[in-house]
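Student: Prediction below, plus the sequence it came from.
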Amino acid sequence: MVTFYRRLPKFDYVKPKSLDEALDQLASNKNGTVKIYAGGTDVIPKLKSRLINTPEVLVDLKGIPDLEYIDYDEKNGLRIGALATIFSVAHSPLVLENFPILAQAANSIASTQVQNRGTITGNICNAVPSADSAPALLCLEADLVCVSKKGERKIPIEDFFTGPNENALNPDELVKEIQIPAMPAGSYGVYFKLSPRSKMDLAVVGVGAVVSGDEDSISDARIALGAVAPTPIRCRNAEDILKGGKVDEKRIEETGRSAADASRPIDDHRASAEYRKMMVDVLVKRAIRQAFAN
């Protein structure tokens with residue numbers, strides 16, 4: 001079947017050269033009259049297909065060069081600028097060495113072409129339940145630095161997703177930076193994505209897990225899921241099963257079941273709710289085993 005996209009609707013296009021100019025545009029945003037984008041891999045197809053309301057002004061952030069960075073030090077952790085591409089995060093030596101779970105998640109997003117255009121920040125701001133970067137960032141307990149003309153604030157990523165395609169940003173705000181604290185020594189993380197064609201399709205189930213300690217004593221555990229609830233979620237009860245104890249098959253089995261119980265999937269054209277729950281159980285157990293195999 002051939003799909004014919006419509007032409008883009010009419011709107012004013014602005015490409016600011018500084019963050020202040022972009023915030024000036026957002027300051028007048030009411031009911032979506034102003035919309036920002038970075039890579040455009042999500043917003044442009046939706047505008048063509050009339051899946052979102054047409055803004056009066058579309059603001060392209062790509063002209064702001066000082067927002068494209070990936071920095072790391074042990075004291076401040078990882079800082080990812082709003083315009084850092086998915087590809088650059090997936091292949092950054094700083095991310096690969098210190099946060100491999102995030103590199104795995106970024107590398108599982110769409111095609112190489114999309115990765116070179118789209119941004120990790122955009123992947124989060126779209127707030128789709130199946131966003132691949134979300135479970136990894138939840139496990140890493142990232143903060144989002146949000147700015148407007150009124151000032152700056154931090155939002156923990158766990159509080160950022162408010163519903164399907166909805167986030168906690170005010171109309172006049174944008175995400176300037178993602179901040180991730182350094183991982184404790186002896187921490188291991190992994191991200192698994194289940195989808196028909198791996199990178200090219202949306203996740204049917206996404207599972208992130210970070211564990212700290214060793215097989216004799218787990219000091220910390222973080223488990224997050226994507227595509228199985230209205231928003232990406234942390235599995236606190238499943239984490240508590242692992243913490244403070246020795247890793248054995250019984251505990252791993254209990255953790256998988258608890259994570260599956262925490263999920264709230266739906267039936268859709270990609271998978272049934274029952275199948276998604278089963279695969280949460282399977283992938284959480286697999287993630288824990290692989291984390292300790294590293």
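Tutor: Sure, I can see it.
Student: can we go C-alpha only for contacts and neighbour counts from here?
Tutor: Noted.
Student: For the helix or strand encompassing residue 275, name the packing helices and strands.
Tutor: Under the criterion of DSSP states H and E, residue 275 resides in helix 273-293. With contacts taken as 3 or more C-alpha pairs under 8 Å, 6 or more residues apart in numbering; DSSP states H and E, helix 273-293 sits against strand 187-194, strand 205-214, helix 249-262.
Student: What residues of stretch 168-182 count as buried?
Tutor: Judged by neighbour count using 16 or more other C-alpha atoms under 10 Å, the buried positions of stretch 168-182 are 168-169, 171-182.
Student: In TSV: those, plus pLDDT.
Tutor: Formatted as TSV, the buried residues of stretch 168-182 follow (pLDDT from 0 to 100):
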residue	pLDDT
168	98
169	97
171	95
172	96
173	97
174	98
175	98
176	98
177	98
178	98
179	98
180	98
181	97
182	96
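Student: any idea how far the helix or strand of the chain with the lowest mean pLDDT is from the chain center?
Tutor: Among the helical and strand segments of the chain, the one scoring lowest on mean pLDDT, DSSP states H and E is helix 43-48, with a mean of 91. Computed by C-alpha atoms, centre = their mean, to the nearest Å, the separation of helix 43-48 from the middle of its chain amounts to 20 Å.
Student: State the pLDDT value of residue 196.
Tutor: Residue 196 carries a pLDDT score of 85 in this model.
Student: Which strand or helix spans it?
Tutor: Counting by DSSP H and E, no helix or strand carries residue 196.
Student: From residue 268, how far off is it?
Tutor: Separation of residue 196 from residue 268 (C-alpha to C-alpha, to the nearest Å) stands at 14 Å.
Student: The two: which has the busier surroundings?
Tutor: Counted by other C-alpha atoms under 10 Å, residue 196 and residue 268 do not tie: residue 196 has more neighbours, with 12 against 9.
Student: so where's the stretch 151-294 of the chain uncertain?
Tutor: For the stretch 151-294 of the chain, residues meeting the criterion pLDDT under 70 lie at 198-199.
Student: Residue 191 reaches residue 203, doesn't it?
Tutor: No. Using C-alpha atoms under 8 Å, residue 191 is not in contact with residue 203; the gap is 11.7 Å.
Student: which of those two has more neighbours?
Tutor: Using other C-alpha under 10 Å as the criterion, residue 191 and residue 203 rank with residue 191 on top: 29 against 25.
Student: check contacts around that one.
Tutor: Residues in contact with residue 191 (C-alpha atoms under 8 Å, 6 or more residues apart in numbering) are 101, 102, 104, 105, 135, 136, 206, 207, 208, 209, 287.
Student: check which helix or strand covers residue 158.
Tutor: In this structure, residue 158 sits in helix 157-160 according to DSSP H and E.
Student: Now for residue 166: which residues touch it?
Tutor: By C-alpha under 8 Å, 6+ apart, the contact set of residue 166 is 126, 127, 128.
Student: Could I get the phi/psi values of it?
Tutor: Main-chain torsions, residue 166, degrees, to the nearest 10: phi -130, psi 140.
Student: Can you name the residues bridging to it?
Tutor: For residue 166, the beta-bridge partners under DSSP bridges are residue 163.
Student: related to what we said a few turns ago, who wins for proximity to residue 282 among the helices and strands packed on helix 273-293?
Tutor: With C-alpha to C-alpha as the criterion, residue 282 lies closest to helix 249-262 of the helices and strands packed on helix 273-293, at 6.7 Å.
Student: And the contacts of that closest one?
Tutor: With C-alpha under 8 Å, 6+ apart as the test, helix 249-262 has contacts from 235, 237-239, 241-242, 277-278, 280-285, 288.
Student: and what of stretch 51-63?
Tutor: Residues from elsewhere that reach stretch 51-63 (C-alpha under 8 Å, 6+ apart): 9-18, 22, 25, 32-39, 46-47, 83.
Student: and residue 120, how far is that from residue 214?
Tutor: Taking C-alpha to C-alpha, one finds residue 120 at 31 Å from residue 214.
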